[in-house]
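**Student:** pasting a predicted model and its sequence here:
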Amino acid sequence: MPASRGCGRRPAGFDFPRPIPIEKPGPESRDPELMTTRLSAGALPRDGDAPPGTLREGRFVLLDRLSASHARACAGLALLCLLLFLPGQISLQPMDRDEPRFAQASKQMLETGDFVAIRFQDEARNKKPVGIYWAQAAAVAAGEALGVPHARTQIALYRIPSLLGALGAVLLAYWAALAFLGRRDALLAAALFGACLMLNAEAHLAKTDALLTACATAGLGALARVWLGRLPPSSAAEGHSRSGEGGHVAFLAFWLGLAVGILVKGPMVPLFVALPALFLSWKARSARWLLPLRPWSGLALTLVLVAPWFVAITLKSGGAFYAEAVGKDMLGKVGGAAERHWGPPGAYTIAFFATFWPGAAFAAMGLPLAWRERRTEATAFLIAAVLPAWLIFEAVPTKLPHYVLPLMPWLAILTILALRRGELDPGRRGARAVALLVPAIPLALTLGLCVAGWRLDDHTIPWIALPVLAAACLAAGASWLAFARGLPERALGLAVLASCLLGPGVLGLAQRQLPALKVSPRLAAFRDRLPCADPVVASLGYREPSLVFLTGTGLDLLPDAAAAKSFLEGGGCRLLYVEGREREAFNTAWPVSRPAPTPLGEVEGFNLNTGRRVFVTAYAAAP
């Protein structure tokens with residue numbers, strides 16, 4: 001393969017001793033026609049080549065070494081993901097309400113042996129298909145086989161599919177980015193996506209969204225390769241993947257991503273891939289470019305994979321699954337604010353600057369490039385992958401920040417394209433102010449955690465986490481300084497480093513020192529203080545799913561104080577929780593001659609879902 005234009009290939013192991021002064025590109029470098037010509041002519045660097053022009057300044061030698069081969073790049077990304085996603089997996093409590101609902105339903109599959117119907121206690125949970133429950137049940141079964149104690153109440157085991165989904169999403173983002181960028185830049189784009197706060201959060205939650213993101217990235221990555229691969233060799237950027245080089249890989253990635261995505265979250269992955277396919281077919285005035293995906297064979301494969309469970313749940317529920325999943329859950333979110341998660345149009349755009357931190361500020365600077373180069377094939381795909389779905393989510397009344405997570409790999413790719421075009425320029429109006437978001441987020445989180453500990457946990461400060469959080473703030477500040485000095489690649493690298501410190505600092509260390517947020521684990525610990533091994537447990541007032549998951553499927557959620565009194569008098573070994581708002585009624589339910597039993601203990605904390613303090617008293621009755 002000939003050397004890239006504008007710079008020769010460096011000898012192996014050679015490092016520049018100092019930044020090489022290169023004349024800054026003039027205004028003509030931002031002309032859209034000239035940029036289109038350069039893209040068509042293969043002006044982007046090939047895999048492993050040094051970037052041209054001023055971008056040699058402030059470049060990371062680590063990126064050079066990791067991008068020496070695909071194996072090194074993938075190993076580096078895997079190590080980055082483990083550093084970001086592993087801390088806190090075990091110590092972080094089940095996060096109400098969705099996470100313990102998923103985990104409890106998976107646990108009940110293992111308890112009952114029914115892997116078709118999805119239930120939370122006695123209630124059918126017909127909201128999502130079965131894929132995530134199967135994955136979680138398999139992880140817990142493997143943990144039991146390996147001898148993990150109390151495996152079915154270890155939330156970390158249920159989080160394994162999310163951890164693997166987040167890792168897979170980052171590796172697939174690298175694979176997808178290779179259709180647009182050289183190896184080194186694809187590695188940087190995938191690292192920027194992996195460092196974002198939203199992906200880190202979803203990697204720590206036993207829910208669908210991390211795995212969904214991996215499926216969507218696989219499907220869209222295959223679609224990107226087919227779209228760009230239809231160009232003649234003379235028009236494609238040198239060194240970028242073409243459909244002919246990975247036709248079978250693209251076929252499997254697209255249709256397996258689609259099938260697994262359907263089993264995980266129904267129509268969401270088809271939506272993510274159908275919107276850009278329709279948009280680009282309109283642009284090309286034909287859908288024939290999709291033929292390399294072999295639609296009929298792919299649809300047959302997808303049907304073989306997804307149909308068995310859908311047939312089984314139809315026979316078992318008599319259509320109740322579809323009535324709730326489609327009619328109540330999906331259409332309910334489209335027509336109104338489901339579960340009080342309402343937000344105005346534009347809410348995702350505002351939240352993006354936090355959820356895609358640390359890359360959001362730099363991604364915003366790349367948007368003008370997307371507009372100017374919207375007619376080029378690569379940029380048209382990025383726009384098609386992000387804009388239609390984003391507009392739909394903004395229009396839907398229900399707003400949850402993780403809904404747009406599958407769109408973020410493509411914004412990371414756009415950010416690196418903008419970097420290589422010189423768009424991340426601190427000289428532009430407002431650029432330095434926007435980049436202040438990079439240090440602002442870790443600083444705000446650090447101060448917020450200190451205030452939360454001081455107010456909620458009797459003047460507690462998370463001292464163990466403060467050195468790591470302070471280092472994250474310093475790295476983020478150094479990122480801003482590097483950007484202000486005209487070293488955008490160094491700024492991106494330091495921003496990723498800041499995320500590597502902030503995530504473990506918050507989820508791995510700080511949350512350990514905030515017991516006020518761990519109400520259900522502290523309540524579940526009362527079981528160990530009883531003289532019997534398997535007490536009957538009930539709760540009055542406090543009804544969080546995490547308590548069901550931690551204390552057992554048989555937890556009785558009582559309707560009133562009279563039922564709570566009858567429960568304690570039922571004989572045998574019993575444990576009752578009474579929330580503070582119900583305590584007066586509970587005490588009143590007992591006659592004067594025989595008052596309520598002495599409390600076993602009390603737990604005071606903060607309920608993140610209601611935004612209120614909670615005070616729960618535990619009572620016990622033993623033979």
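**Tutor:** Right, received. Where do you want to start? Remember, predicted model here, so these are calculated numbers, not experimental data.

**Student:** how many residues are close by residue 68?
**Tutor:** Residue 68 has 15 neighbours, counted by other Cβ atoms under 10 Å. C-beta: built from backbone N, CA, C; applies to glycine.

**Student:** can you say which helix or strand has the most centrally placed residue in the chain in it?
**Tutor:** Per Cα atoms, centre = their mean, the C-alpha nearest to the average position across the chain is that of residue 199, at 2.9 Å. Assigned by DSSP states H and E, residue 199 belongs to helix 197-203.

**Student:** which strands and helices sit next to the next helix or strand after that helix?
**Tutor:** Going down the chain from helix 197-203, the next helix or strand is helix 209-229, by DSSP H and E. Counting contacts by 3 or more Cβ pairs under 8 Å, 6 or more residues apart in numbering; DSSP states H and E, helix 209-229 is packed against helix 131-145, helix 160-177, helix 197-203, helix 247-265, helix 268-284, helix 377-395, helix 408-420.

**Student:** give me the contact list for the fourth one.
**Tutor:** Applying Cβ atoms under 8 Å, 6 or more residues apart in numbering, the set of residues contacting helix 247-265 from outside is 128-132, 134, 172, 175, 208, 211-212, 214-219, 221-223, 225-226, 243, 268-270, 273, 292-294, 297-299, 301-302, 305-306, 309.

**Student:** go through the helices and strands packed on helix 209-229 and pick out the most buried.
**Tutor:** Ranked by mean neighbour count, these are led by helix 408-420 with a mean of 27 (mean count of other Cβ atoms under 10 Å).

**Student:** thinking again about what came up before, please list only the buried members of the contacts of helix 247-265.
**Tutor:** Among those, those classed as buried by 16 or more other Cβ atoms under 10 Å are 128-132, 134, 172, 175, 208, 211-212, 214-219, 221-223, 225-226, 243, 268-270, 273, 292-294, 298, 301-302, 305-306, 309.

**Student:** now the strands for the protein?
**Tutor:** 119-120, 123-124, 536-540, 556-558, 574-579, 601-607, 612-621 (DSSP state E).

**Student:** tell me what the first one is packed against?
**Tutor:** Contacts of strand 119-120 with other secondary structure elements, assessed using 3+ Cβ pairs under 8 Å, 6+ apart, are made with helix 98-112.

**Student:** go through the helix it packs on and flag the buried ones.
**Tutor:** Along helix 98-112, the positions that meet the burial threshold by neighbour count (16+ other Cβ under 10 Å) are 98-110.

**Student:** where are the low-confidence patches of the stretch 501-623 of the chain?
**Tutor:** Of all residues in the stretch 501-623 of the chain, none has pLDDT under 70.

**Student:** outside of the longest helix anywhere in the chain, which residues touch it?
**Tutor:** In the chain, with assignment by DSSP state H, the single longest helix is helix 295-317. Contacts to helix 295-317, defined as Cβ under 8 Å, 6+ apart, come from residues 116-117, 124, 126, 129-130, 251, 254-256, 258-260, 262-263, 321-322.

**Student:** dump that helix to CSV, keeping only the CA atoms.
**Tutor:** Written as CSV, here are the backbone C-alpha positions of helix 295-317 (Å, rounded to 0.1, in the frame of the first residue of the first chain):
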residue,chain,number,x,y,z
PRO,A,295,-31.8,-9.1,3.3
TRP,A,296,-33.7,-12.3,2.7
SER,A,297,-31.0,-14.5,4.3
GLY,A,298,-30.7,-12.1,7.1
LEU,A,299,-34.4,-11.9,7.8
ALA,A,300,-34.5,-15.7,7.8
LEU,A,301,-31.7,-15.9,10.3
THR,A,302,-33.3,-13.2,12.5
LEU,A,303,-36.6,-15.0,12.4
VAL,A,304,-35.0,-18.3,13.4
LEU,A,305,-33.4,-16.7,16.5
VAL,A,306,-36.3,-14.6,17.8
ALA,A,307,-39.4,-16.5,16.8
PRO,A,308,-39.3,-19.4,19.3
TRP,A,309,-39.6,-17.2,22.4
PHE,A,310,-42.2,-14.9,20.9
VAL,A,311,-44.3,-18.0,19.9
ALA,A,312,-43.8,-19.5,23.4
ILE,A,313,-44.8,-16.3,25.2
THR,A,314,-47.9,-15.9,22.9
LEU,A,315,-49.0,-19.4,23.8
LYS,A,316,-48.4,-18.8,27.5
SER,A,317,-49.8,-15.3,28.0
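
**Student:** now do that helix, average pLDDT.
**Tutor:** Averaged over helix 295-317, pLDDT sits at 95.

**Student:** kindly report the same for stretch 460-477.
**Tutor:** Throughout stretch 460-477, pLDDT has a mean value of 96.

**Student:** kindly report the same for stretch 172-181.
**Tutor:** Average pLDDT, stretch 172-181: 97.

**Student:** can I get it in PDB, CA atoms only?
**Tutor:** This file holds the C-alpha atoms of stretch 172-181, laid out as PDB (Å, rounded to 0.1, in the frame of the first residue of the first chain):
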ATOM      1  CA  LEU A 172     -17.700  -2.400  18.200                       C
ATOM      2  CA  ALA A 173     -17.400   1.300  18.200                       C
ATOM      3  CA  TYR A 174     -13.800   0.900  17.300                       C
ATOM      4  CA  TRP A 175     -14.700  -1.500  14.500                       C
ATOM      5  CA  ALA A 176     -17.400   0.900  13.300                       C
ATOM      6  CA  ALA A 177     -15.000   3.800  13.400                       C
ATOM      7  CA  LEU A 178     -12.500   2.100  11.100                       C
ATOM      8  CA  ALA A 179     -15.000   2.600   8.300                       C
ATOM      9  CA  PHE A 180     -14.400   6.400   8.700                       C
ATOM     10  CA  LEU A 181     -11.000   6.800  10.300                       C
END
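
**Student:** domain ranges for this structure?
**Tutor:** With domains defined by automatic domain parsing, the chain comprises 52-87+160-424, 432-517, 519-621.

**Student:** out of these, flag the one nearest residue 153.
**Tutor:** Nearest of the domains of the chain to residue 153, taken as Cβ to Cβ: domain 519-621 at 5.8 Å.

**Student:** run the chain-centre distance for the closest one.
**Tutor:** Mean-position distance between domain 519-621 and its chain equals 34 Å (Cα atoms, centre = their mean, to the nearest Å).

**Student:** who are the contact partners of residue 125?
**Tutor:** Contacts of residue 125 (Cβ under 8 Å, 6+ apart): 101, 105, 118, 119.

**Student:** pLDDT at the third one, what is it?
**Tutor:** Note on residue 118: pLDDT of 95.

**Student:** tell me, how many residues neighbour it?
**Tutor:** Residues lying near residue 118 (other Cβ under 10 Å) number 25.
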